[in-house]
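Asker: model the structure of this input:
(2 chains)
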Amino acid sequence: MKPLNRNQIAWRAAQDIPDGNVVNLGLGMPVLVSNYIPSDRDVFLQSENGILGVGPEANELNINPNLVDAGSRKVTLRGGASLFDSANSFAMIRGGHIDITILGAFEVSISGDLANWDSRIPDKGPLVGGAMDLAVGAKSTWTMMQHNTKDGSPRLLNYCNLPLTAPKCVNRIYTDIAVVDVTNQGFMAIELLESITVEELNARTEAEISLASDCKPLQAPADLI
Amino acid sequence: MAIDKRIETAKEVISKIFDGAVIMVSGFGGAGFPNFLLEILRDAEPKELTLVANSATHPYSLTHSLIEAKMVRKVIVTAARGRGKELSPFEEQWRDGSIELECVPQGNFSERIRAGGAGIPAFYSPTGYGTDLAKGKETREINGKNCVLEEAITGDFALIRGDRADRFGNINFNTTQMNFAPAMATACEVTIAEVREAIDEALPTTDVHLPSVYVNHVVATGKEI
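Answerer: Numbering: from 1, shown residues only, chains lettered A, B, ... in the order given. So this is what the prediction gives:
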C-alpha cells in the first residue's frame, strides 16, 4: 500500500467517528471526512457559523444562497438540524458540547500542542477563525496532516516551531503513513503503513514515536482518488 | 404615533456615521453581508473607521471596498488573509502600517460582542491561552483551567443583513444569514438592518430571531442576498 492520499486519510479518520457523535470538521482536508462517514452511524456535523446538522453539498435544485458552511460551501441541512447565531455556536463549542473536532495541522508536538493557524508567510495577514476555540473546547481534537513537509521535514515534533493554536489539545493524528495517538508516554502509532519500518517512521518523526503493542497495518480503499 | 422603523432610503442614516466611528458588519462565508448598506457607506466616505467584522478580506463582502477606499484605521477580525499569494489591499496597508489589526479567535470575537450588548464588561475565556493572540492580556487559573481576560466590544453602528422585517424592527433571518448579526445589533448604539422585504403587519412572533428593541432602522432591498 502506498502512502494515503487526502481522500484516503479522510476515509480512515471517518471510520473512527462513533455513532451518535457531534463532530466539527475544519477547513481543507477535514471537510472531506463528511463524504466517508459509514452509513450505519448517525452523526451530526456542526458548522461554527451556526449549523448543527450539516447535510450534503447543495445542488442546482436545492441550493439556498444563504445556507453556507464554515468553508463557504453551499450546503443543505439533514433531518433534525438546527440553526443559531455565532455566539451561540461558540458557546456550544467552548462549552464542551462537541464530541470531536478534526482540524488540519502544520505541526503537532509530543505533548499535544497544535500549530495550525499561522504559517508565518511574510506580510500575509493572519487567519485564526474558530481553530483556537475548537481546539480548546471539543472533547477530542484530531488532526489530519501529511506526516512530513514538502521538503521532508518532520511535523510531529518535540516542540512546535510555528505559533500555537492551543497547548496540549491533540488526542489523535491521521497522516499519510500512520495513525498516531498522543499519550502521556509520547507519540504512539496505532496503525502504520506496511511498507514502512519503525526505523523509517522514527526517521520521519522528530519526537520519539513508539508502536502500540497491537499496532495494525494502515489501510484504506484503493479506489479513493 | 405608530412605530415604523422602515426607511425608504438608507442614505440619510448612513450619512450619520461619523469619522472615527466603530462599525460592526455582519456576514460569514457569503451569507448575511449587508452589501447594500456598505455600498452607500463607501460613497458617504467617513474616515478613520474601526471595522469589526469576521473577515477583512472576504471577496463577497464589500467591507474590503471600505479598506480599499482608505476609510478604515483599524480592523478587529478573525481573518485577515487575502486569497492567493499576492497581497490584498488590506495586507498592503497593514504592511505599510497605515491600518491597525486586532486578530481575535472567532469564539472570543463573538462572545466579546455578545458581552458588549449584554452589559458584561469582560470575561475569562480558555480560548487563546498560551498563544500569540493572548500576549499582554491578563490571565488567571480558574478551577484548574488557564484563562485569558477578554474585554467586551461595543460599537457605534451595526450594519446587518436579514431576510424579513416588520415595521417594529423585528428581524427574521434566512438560515445561516444570522451569524454575527444578533450579537452585533445588541452591542451597538444604532443598528441599521437591510432585509429582502419589510412588511406593514407584524411578523409571526415565532419567526422573530432578533427582537425589535435592538434595531433602529430597516431598509428593504428586494433582493435574495
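
Asker: right, is the lengthiest helix in chain B up against chain A?
Answerer: Under DSSP state H, the helix in chain B containing the largest number of residues is helix B:106-118. Yes - Helix B:106-118 lies within reach of chain A by C-beta under 8 Å from any C-beta of the partner chain, at B:Gln106, B:Gly107, B:Asn108, B:Ser110, B:Glu111, B:Ile113, B:Arg114. (Glycine included, C-beta is placed from N, CA and C.)

Asker: got JSON lines for those, with pLDDT and neighbour count too?
Answerer: Listed next are the residues of helix B:106-118 next to chain A as JSON lines, based on pLDDT from 0 to 100; neighbours: other C-beta atoms under 10 Å in any protein chain shown:
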{"residue": "B:Gln106", "pLDDT": "98", "neighbour count": "28"}
{"residue": "B:Gly107", "pLDDT": "98", "neighbour count": "31"}
{"residue": "B:Asn108", "pLDDT": "98", "neighbour count": "27"}
{"residue": "B:Ser110", "pLDDT": "98", "neighbour count": "29"}
{"residue": "B:Glu111", "pLDDT": "98", "neighbour count": "27"}
{"residue": "B:Ile113", "pLDDT": "98", "neighbour count": "29"}
{"residue": "B:Arg114", "pLDDT": "98", "neighbour count": "25"}
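
Asker: in chain B, which residue sits furthest out from the middle?
Answerer: B:Gly144 (33.9 Å; C-alpha atoms, centre = their mean).

Asker: ok, back up a step: what helices or strands is the longest helix of chain B leaning on?
Answerer: Helices and strands touching helix B:106-118, by 3 or more C-beta pairs under 8 Å, 6 or more residues apart in numbering or on different chains; DSSP states H and E, are helix A:86-94, helix A:131-137, strand B:122-125, strand B:145-151, helix B:181-187.

Asker: next, the angle from that helix to strand B:145-151.
Answerer: Relative orientation of helix B:106-118 versus strand B:145-151 (axes from the mean of the first three to the mean of the last three C-alpha atoms, to 10 degrees): 50 degrees.

Asker: need the three-state assignment for the residue most central in space within chain A.
Answerer: Centroid-nearest residue in chain A, with C-alpha atoms, centre = their mean: A:Ile102, separated by 2.8 Å. The three-state assignment at A:Ile102 reads strand, by DSSP: H, G, I helix; E, B strand; the rest coil.

Asker: follow-up on the earlier one: which one of the helices and strands packed on helix B:106-118 lies closest to B:Arg164?
Answerer: In terms of C-beta to C-beta, the element of these nearest to B:Arg164 is helix B:181-187, at 13.3 Å.

Asker: and the next helix or strand after that closest one, what's its mean pLDDT?
Answerer: Reading on from helix B:181-187 to the C-terminus, the next helix or strand found by DSSP states H and E is strand B:188-195. Strand B:188-195 shows a mean pLDDT of 98.

Asker: please point out which parts of strand B:188-195 sit buried.
Answerer: Buried residues in strand B:188-195, defined by neighbour count with 16 or more other C-beta atoms under 10 Å in any protein chain shown: B:Cys188, B:Val190, B:Thr191, B:Ile192, B:Ala193, B:Glu194, B:Val195.

Asker: and stretch B:110-123, by the same measure?
Answerer: In terms of neighbour count (16+ other C-beta under 10 Å), stretch B:110-123 has its buried residues at B:Ser110, B:Glu111, B:Arg112, B:Ile113, B:Arg114, B:Ala115, B:Gly116, B:Gly117, B:Phe123.

Asker: count of residues packed around the nearest residue to the third one once chain neighbours are set aside?
Answerer: Excluding the flanking residues, the one nearest B:Arg112 by C-beta to C-beta, 6 or more residues apart in numbering or on different chains is B:Ile153, at 4.5 Å. Applying other C-beta atoms under 10 Å in any protein chain shown, we find 26 other residues in the vicinity of B:Ile153.

Asker: one more: B:Arg167?
Answerer: 18.

Asker: so where's chain A uncertain?
Answerer: Applying pLDDT under 70 to chain A flags no residue at all.

Asker: out of the buried residues of strand B:188-195, which one sits closest to B:Ala134?
Answerer: Of the buried residues of strand B:188-195, the one sitting nearest to B:Ala134 (C-beta to C-beta) turns out to be B:Cys188, at 25.9 Å.

Asker: helices of the chain, start to end?
Answerer: Going with chain A. A:6-14, A:86-94, A:131-137, A:198-203.

Asker: the intended chain is chain B.
Answerer: Going by DSSP H, chain B shows helices at B:11-14, B:35-44, B:63-68, B:89-95, B:106-118, B:181-187.

Asker: take these and write them to a markdown table, including distance to A:Arg12.
Answerer: Below are those laid out as a markdown table (distance: least, C-beta to C-beta, whole Å):
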| stretch | distance to A:Arg12 |
| --- | --- |
| helix B:11-14 | 52 |
| helix B:35-44 | 41 |
| helix B:63-68 | 38 |
| helix B:89-95 | 36 |
| helix B:106-118 | 28 |
| helix B:181-187 | 38 |
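
Asker: and B:Thr78, which of those is closest to it?
Answerer: Closest approach to B:Thr78 among the helices of chain B (C-beta to C-beta): helix B:106-118, 4.3 Å.

Asker: now for residue 59, how many residues are close by?
Answerer: Defaulting to chain A. 9.

Asker: try again with chain B
Answerer: Neighbour count for B:Pro59, taken as other C-beta under 10 Å: 12.

Asker: do the same with A:Thr175
Answerer: For A:Thr175, the tally of surrounding residues (other C-beta under 10 Å) stands at 27.

Asker: surely B:Arg112 and B:Glu151 touch.
Answerer: Yes - using C-beta atoms under 8 Å, B:Arg112 is in contact with B:Glu151, at 6.7 Å.

Asker: joint contacts of these two?
Answerer: Both B:Arg112 and B:Glu151 lack any common contact, where contact means C-beta atoms under 8 Å, 6 or more residues apart in numbering or on different chains.
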